[in-house]
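# Build me a model from this:
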Amino acid sequence: MPARYRVWFSGVRTASQAPLNGLTTLRLGGPARTLVEVASAAEAVEAVRSAAPPVLILAGGSNVVLPDAGFAGTVVLLRSAGRRVDDDGDEVAVTVEAGAGWDDLVAWTVAEGLSGIECLSGIPGSVGATPVQNVGAYGQEVADTITAVRAYDRQTGEERVLSPADCRFTYRHSVFKGVDRWLVLDVTFRLRRAKESAPLRFGELTRRLAVEPGGTAPLDDVRQAVLTLRAGKGMVLDPADHDTWSVGSFFTNPVIDVPAYEQIARRCDAEPPRFDAGEGLVKTSAAWLIERAGFSRGYGKDGVSLSTKHTLALTNRGDGTTAALLALAREVRDGVRDAFGVTLVNEPIIVGDSL
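So this is what the prediction gives:
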């Protein structure tokens with residue numbers, strides 16, 4: 001921690017002109033005017049109430065792009081990590097504070113024989129960030145197991161417990177995303193006591209585990225398979241590997257109508273990946289579109305590039321800037337739109353800018 005940290009209230013520590021790049025997985029961004037580190041939900045609420053706007057909430061830093069100029073306000077850094085377990089026989093409710101590491105939670109549930117989030121292994125970031133964009137991978141989403149999100153409403157000054165319906169979960173989206181109204185305090189998950197995983201639906205994972213779609217596998221086998229698959233794509237954090245200096249998938253997989261999908265197939269003379277997304281809709285692969293629009297792995301300049309392992313990750317090669325990263329993102333987005341008529345949407349939060 002910077003030496004200029006000082007006590008502000010109730011043991012909470014603050015710093016002025018504090019570097020932020022070391023607090024994000026991209027390792028990009030300038031300093032915060034004020035950084036406040038909090039270790040409990042109560043401290044987080046007090047910090048947000050006391051700070052003059054603008055205020056930015058930061059925890060794992062895995063799904064945020066910060067400006068080179070930094071943040072001219074207060075950054076509240078969540079380090080709350082408490083956990084409560086309510087056992088109800090075959091089902092267990094686990095409530096975890098927002099600042100806890102997400103993969104730490106997944107590893108604990110697997111070790112405890114609790115099924116429901118094992119396919120979400122290896123995802124960086126904090127527990128509190130997962131409901132914001134309805135984090136998902138390999139056939140699971142947190143919306144499958146979340147039963148409640150306790151949050152502080154910055155508009156009304158009150159705490160609320162939001163049900164899954166209140167959260168309005170959709171693909172990589174929720175009521176929390178893209179607004180500064182909510183401070184997530186803790187999240188409750190309903191998990192099942194089991195030695196085996198939930199039914200496995202994602203083809204790449206079922207093939208890796210040699211099980212039929214809809215089948216199950218031991219929890220630890222699923223976790224290790226997911227970690228291996230993610231590592232092969234540069235999606236497991238490694239300080240020595242610049243392919244992991246990213247926000248993970250920079251773009252969401254587009255959901256389009258069937259005629260648009262068929263038009264892409266005709267243009268490419270090949271069938272793009274296809275997943276049902278509801279009546280008349282298809283979800284296809286952003287990575288597939290990026291590659292066929294002419295952007296290969298490793299494409300880039302000015303210290304940033306597409307990952308050498310996976311085209312959906314935009315990476316900092318160690319000397320990049322946020323400006324260069326966003327320029328690359330816009331080039332890729334525009335290239336895909338020109339080639340296929342599909343506009344890719346960024347998955348991370350871009351602070352102080354947009355594509």
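# Show me the shaky parts of the stretch 201-350 of the chain.
When the per-residue scores of the stretch 201-350 of the chain are filtered using pLDDT under 70, no range remains.
# Stretch 146-160: which residues count as buried?
Of the residues in stretch 146-160, Ile146, Ala148, Val149, Arg150, Ala151, Tyr152, Arg154 count as buried by neighbour count, 16 or more other Cβ atoms under 10 Å. C-beta coordinates here come from the backbone N, C-alpha and C atoms, glycine included.
# repeat for stretch 28-41
Applying a neighbour-count criterion of 16+ other Cβ under 10 Å, one finds 28-32, 34-41 buried in stretch 28-41.
# any chance of the buried residues of stretch 146-160 in TSV, plus distance to Val76 and secondary structure?
As requested, the buried residues of stretch 146-160 are arranged in TSV below (distance: Cβ to Cβ, whole Å; DSSP: H, G, I helix; E, B strand; the rest coil):
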residue	distance to Val76	secondary structure
Ile146	23	strand
Ala148	22	strand
Val149	18	strand
Arg150	16	strand
Ala151	14	strand
Tyr152	11	strand
Arg154	11	coil
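# how far does stretch 102-118 sit from the chain's center?
17 Å (Cα atoms, centre = their mean, to the nearest Å).
# With stretch 167-181 instead?
Mean C-alpha position of stretch 167-181 versus that of the full chain (Cα atoms, centre = their mean) differs by 12 Å.
# contacts for that stretch?
Residues from elsewhere that reach stretch 167-181, judged by Cβ atoms under 8 Å, 6 or more residues apart in numbering: 54-55, 131-134, 136, 141, 143, 146, 149, 151, 153-155, 162, 166, 182, 184, 252, 255, 277, 283, 347, 349.
# From these, list just the buried residues.
When burial is judged by neighbour count using 16+ other Cβ under 10 Å, the buried members of the contacts of stretch 167-181 are 55, 131-134, 136, 141, 143, 146, 149, 151, 154, 162, 182, 184, 252, 255, 277, 283, 347, 349.
# hang on, Asp86 is in a strand, isn't it?
Yes: Asp86: assigned to a strand according to DSSP: H, G, I helix; E, B strand; the rest coil.
# Go ahead and list the helix or strand containing the residue lying closest to it once chain neighbours are set aside.
For Asp86, ignoring the flanking residues on the chain, the nearest one in space by Cβ to Cβ, 6 or more residues apart in numbering is Ala93 at 4.2 Å. Element membership of Ala93 [criterion: DSSP states H and E] is strand 91-97.
# partners of that strand, with directions?
Looking at strand 91-97 with DSSP bridges, its partner strands are strand 83-88 (antiparallel), strand 182-193 (antiparallel).
# could you dump those to TSV with mean pLDDT?
As requested, the strands paired with strand 91-97 are arranged in TSV below (pLDDT from 0 to 100):
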stretch	mean pLDDT
strand 83-88	93
strand 182-193	98
